[in-house]
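In: The sequence and its predicted three-dimensional model are supplied below.
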Amino acid sequence: MTKLILLIAIFTFATVIASAQTPPAQPTIAPSPSLVKDGKCYEIRTYIAAPGKLEDLHKRFRDHTMKLFKKHGMEVVGFWGPTDKEKGSENTLVYVMAYPNREARDKAWKAFGADPEWQKARAESEKNGKLTDKVESVILGATDYSPIK
């Protein structure tokens, strides 16, 4: 399981593109026939911290976000950061979340975003400027041959 998650994180990191923190337009879901239907889904999130803000971002996750994820039923699989400076060790955070299904994911993020405790923590942590320049999210479904479903 760890190897798969690490491979997914590496793949996602390699494909990071610029995106706003505002919710994207509703995606067009065109799954492969090899993807498990109506199964658990995973989300890989890659954050590119604003210059000099990576440790502040870690602090916000450590002190606030993790507790709020749990409050909203969001399962954290793990967090990673690149080890090489050339690959973003100074500004990149990657994490993986798991949800019972896509609808549960969407509902959890909506509730999380509306939570006054989150809004307060975000505002407090960004008093001296935003913490992220880019956030990339990729939703994944397991293949029918994957040991993790």
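Out: Alright, I've got the coordinates.

In: check contacts around the residue nearest the centre of the chain.
Out: The centre of the chain sits closest to Arg45, judged by Cα atoms, centre = their mean, with a distance of 2.6 Å. Arg45 sits next to Val94, Tyr95, Val96, Met97, Val135, Glu136, Ser137 when contact means Cβ atoms under 8 Å, 6 or more residues apart in numbering. Every C-beta, even on glycine, is put in place using the N, C-alpha and C of the backbone.

In: Tell me how many other residues surround the second one.
Out: Other residues within reach of Tyr95, judged by other Cβ atoms under 10 Å, total 19.

In: now do the fourth one
Out: By other Cβ under 10 Å, 20 other residues sit near Met97.

In: Can you check what pLDDT the model gives the residue of the chain most remote from its centre?
Out: The centre of the chain is farthest from one residue, Pro33, which by Cα atoms, centre = their mean lies 25.2 Å away. Looking at Pro33, its pLDDT stands at 88.

In: That one and Val135, how far apart?
Out: 30 Å (Cβ to Cβ, to the nearest Å).
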